[in-house]
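Q: fold the following.
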Amino acid sequence: MTTTSPTGGSRPPGPYGEYREHIRDLFASCDDVASCDDVLGQIRRALCGGRPSRQYVAEKSQALRDAAAGLLRGCHDVEGCLRQCGHDVTEDWGGGPYLTECRREAGHEGPHLSGPPASPMGEATDAGRAVARAALALSDHLDWLAHRGCLLPDADDMAGLAKGLGEVGYALTGASRAMEVLTAVPQGQGGSDKQDRP
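A: Predicted coordinates:
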């Protein structure tokens, strides 16, 4: 049995709908990292032992963080997808019919469209993620330089840091533009209920 969206599209039951397996796979990746060779247990034993490997603890901690971040990112992706219309849309693909789904907001007015959503909120969300990815990559680069005892980066490291900083600046520019568009949206359009907010 499937459930029906406000505009007529159908989805499997359950809080994650057709994306249930996707979330399960992401969680499995977290579980694999946490259980592979009993990473958490080894870290605990290393820290409680006489001479823990700082490199090992740092590397495994980053792996756990990255896996958890992937799961959280997937949760946000699925949330956005489930708030879309989902109505079947038939398009021409290479001279033949191709069935896809409407990606506009659920309950929208006007025709169903299969293209990517272009809502100001969606653009701002993507821009915010780009800033986070770029800033985290730069931060990790600096952290690992410090971790290995680097006091003065060499030419290759400086080039990498400069590139990372440029990517942060580029992402910030995109986020600023997205936020300008978002703040220009009239108040009251697309607001969320208080119970939906974290």
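Q: grab the nearest non-local neighbour of the residue nearest the centre of the chain.
A: Nearest to the mean C-alpha position of the chain, counting by Cα atoms, centre = their mean, stands residue 73 at 3.0 Å. The shortest distance from residue 73 to any residue other than its chain neighbours is 7.5 Å, reached at residue 129 (Cβ to Cβ, 6 or more residues apart in numbering). To be clear about C-beta, it is placed using only N, CA and C from the backbone, and glycine gets the same treatment.
Q: count the neighbours of the one you found for me.
A: Here the number of neighbours of residue 129 (other Cβ atoms under 10 Å) works out to 15.
Q: need the three-state assignment for it.
A: For residue 129, the secondary structure call by DSSP: H, G, I helix; E, B strand; the rest coil comes out as helix.
Q: so where is this protein shaky, pLDDT-wise?
A: 1-14, 31-39, 50, 116-118, 187-198 (pLDDT under 70).
Q: and the helices in it?
A: Per DSSP state H, the chain has helices spanning 20-35, 39-48, 54-82, 120-147, 155-183. These are given in chain order.
Q: now do the residue nearest to residue 73 against residue 122, distance only.
A: Distance, residue 129 to residue 122, by Cβ to Cβ, to the nearest Å: 11 Å.
Q: OK, contacts around residue 78?
A: Under the criterion of Cβ atoms under 8 Å, 6 or more residues apart in numbering, the contact list for residue 78 reads 16, 19, 22-23.
Q: let's go with 10 Å and repeat that
A: Contact partners of residue 78, counting by Cβ atoms under 10 Å, 6 or more residues apart in numbering, are 15-20, 22-23, 26.
Q: quick one: buried ones out of the residues you listed?
A: When neighbours are counted using 16 or more other Cβ atoms under 10 Å, the contacts of residue 78 contain these buried positions: 16-19, 23, 26.
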